[in-house]
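J.: sequence unknown, structure follows:
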């Protein structure tokens, strides 16, 4: 039942609009806790459905209309971004471990600053790109109907990042072709969902704008994946096949034929391995 | 009692008082216990160290609760979590600092992650409709870092013995076991206060939180 009059703790609330809105959620003041609770009004199965929907691009089914159904949430975007941040940092660190362990001069370091960098990158992407896109769409929207709210845009982008989480974990497999293949598949799937979501909005604006917006959305999404892969999963410099200079027993010809690779090499070789 | 001479002298108003007399022969009845020499050591300790004892008792009781039974926590305090957090952050220091920033987490990072993470998880569970209070939830999450602090201690001791594969396997087993314990203990507290169709939504961030702390512990390498 709809209650009339100010509720407890909210003296200045605009509850007189409640009757006009009918069965919709009543608007709350920005500073109350209930305002934010409205963004977490999801159940477990709904979150799982939304995640599944973010990686299955179906041409007839718009993510915002079909999945969100006027109930965008912030739970999914926030925790998917958090998971992605830690997946990138942990998995990137582990990939360094397996690739560099062959080198005797390797000293393992947890690279904890990667967490900070990943967090900044992912959260900025998840909030600023939807903001820019939403602002652009609002500016261009001539008829004003069917526009997405800012929250719905953030929600779509947040859920679309879920495709990168298993990708980041699977990038541990040290096969370059597989890593790029995984990146392509994940980027393709999630960017298609994004494109299908925003296509109806820009379709009326003309072909050039439509293509430009969709291209921007897809390319930014792909660039994020590529950037993450290149930064957090750096390929080590190609290991030279020459044996380590500190462990070779050097003959006379060896000393002359091997060019010294490190400045200290000559000194140590001369010091520990007499020429004859 | 000595009866008064000449009863009925005072009239009906003071009739009852005629019988009253005070003499030195009246025995004193009752008990007075004078606590001298017969005091037990426990009583002595409890009156002198009340606040410290309370904290230690509450630490042990929550520890017992976390490992034995999920009970509701009425009296929360944040001293225990603070002590645990500081000790964990201190133990994570002095590791693998190559004098560049390519090393392990700094003290401030560990501290911020634990407290900010606990606050975010609490807010998350409250926004999803949980009925647990803010500080109770912080208290539970903080106390459930105890198994991981123990794991950190064990890891440091194992690393003193060596840092080869065997030591890594021992550390891995210990950290995984303590991570499971922490997650299960805090989940037992916090998931009950959620509506049933959202329990997984609350449990997952807790899992992530303790996973990150476990990761920091496992990747600790001494200098």
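T.: Now that the structure is in, tell me what you want to look at. No experiment lies behind these values; they were computed from the predicted model shown.
J.: if I look at the residue of the stretch 151-276 of chain A found nearest chain B, how far off is residue A:42?
T.: For the stretch 151-276 of chain A, the residue closest to chain B is residue A:165, as judged by CB to the nearest CB, at 11.5 Å. Every C-beta, even on glycine, is put in place using the N, C-alpha and C of the backbone. Distance of residue A:165 to residue A:42, given as CB to CB, to the nearest Å: 18 Å.
J.: more neighbours: these two, which one.
T.: residue A:42 (22 against 19; other CB atoms under 10 Å in any protein chain shown).
J.: quick check: closest non-adjacent residue to that one.
T.: Leaving aside its sequence neighbours, residue A:42 sits nearest to residue A:73 (CB to CB, 6 or more residues apart in numbering or on different chains; 4.5 Å).
J.: give me the secondary structure label for the one you found.
T.: coil (DSSP: H, G, I helix; E, B strand; the rest coil).
J.: over to it: give its phi and psi.
T.: When quoted as degrees, to the nearest 10, the phi and psi of residue A:73 stand at phi -130, psi 160.
J.: residue 85: how many residues sit nearby?
T.: No chain in the question, so chain A it is. Residue A:85 has 22 nearby residues by other CB under 10 Å.
J.: looking at chain B here, not the other one
T.: 20.
J.: show me what contacts residue A:196?
T.: A:57-59, A:61-63 (CB atoms under 8 Å, 6 or more residues apart in numbering or on different chains).
J.: could you rerun that using 7 Å?
T.: Residues near residue A:196 by CB atoms under 7 Å, 6 or more residues apart in numbering or on different chains: A:57, A:59, A:62.
J.: are any of those residues buried, and if so which?
T.: A:57, A:62 (16 or more other CB atoms under 10 Å in any protein chain shown).
J.: of the contacts of residue A:196, which is the nearest to chain B?
T.: residue A:62 (24.6 Å).
J.: wait, isn't the closest one in contact with residue A:201?
T.: No. Under the criterion of CB atoms under 7 Å, residue A:62 is not in contact with residue A:201, lying 9.6 Å apart.
J.: for residue A:170, which non-adjacent residue is spatially closest?
T.: Spatial nearest neighbour of residue A:170, chain neighbours left out: residue A:182 (5.4 Å); criterion: CB to CB, 6+ apart.
J.: report the separation between the one you found and residue B:212.
T.: 24 Å.
J.: same check, this time on residue A:149
T.: With CB to CB as the criterion, residue A:149 and residue B:212 are 32 Å apart.
J.: more neighbours, those two?
T.: residue B:212 (20 against 14).
J.: residues contacting that one?
T.: Taking CB under 7 Å, 6+ apart, one finds A:86, B:113 in contact with residue B:212.
J.: now with 10 Å?
T.: A:82, A:85-86, A:89-90, A:115, B:105, B:113-114, B:117 (CB atoms under 10 Å, 6 or more residues apart in numbering or on different chains).
J.: now pLDDT and secondary structure too, for those, in JSON lines please.
T.: Formatted as JSON lines, those follow (pLDDT from 0 to 100; DSSP: H, G, I helix; E, B strand; the rest coil):
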{"residue": "A:82", "pLDDT": "94", "secondary structure": "helix"}
{"residue": "A:85", "pLDDT": "94", "secondary structure": "helix"}
{"residue": "A:86", "pLDDT": "93", "secondary structure": "helix"}
{"residue": "A:89", "pLDDT": "91", "secondary structure": "helix"}
{"residue": "A:90", "pLDDT": "91", "secondary structure": "helix"}
{"residue": "A:115", "pLDDT": "87", "secondary structure": "helix"}
{"residue": "B:105", "pLDDT": "73", "secondary structure": "coil"}
{"residue": "B:113", "pLDDT": "87", "secondary structure": "helix"}
{"residue": "B:114", "pLDDT": "90", "secondary structure": "helix"}
{"residue": "B:117", "pLDDT": "92", "secondary structure": "helix"}
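J.: restricted to buried residues, select these in PyMOL.
T.: Buried residues among the contacts of residue B:212 (16+ other CB under 10 Å), as a PyMOL selection:
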select buried, (chain A and resi 82+85+86+89+90+115) or (chain B and resi 105+113+114+117)
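J.: want to throw the contacts of residue B:212 into a markdown table with distance to residue A:129?
T.: Below are those laid out as a markdown table (distance: CB to CB, whole Å):
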| residue | distance to residue A:129 |
| --- | --- |
| A:82 | 18 |
| A:85 | 16 |
| A:86 | 21 |
| A:89 | 21 |
| A:90 | 24 |
| A:115 | 21 |
| B:105 | 29 |
| B:113 | 26 |
| B:114 | 31 |
| B:117 | 26 |
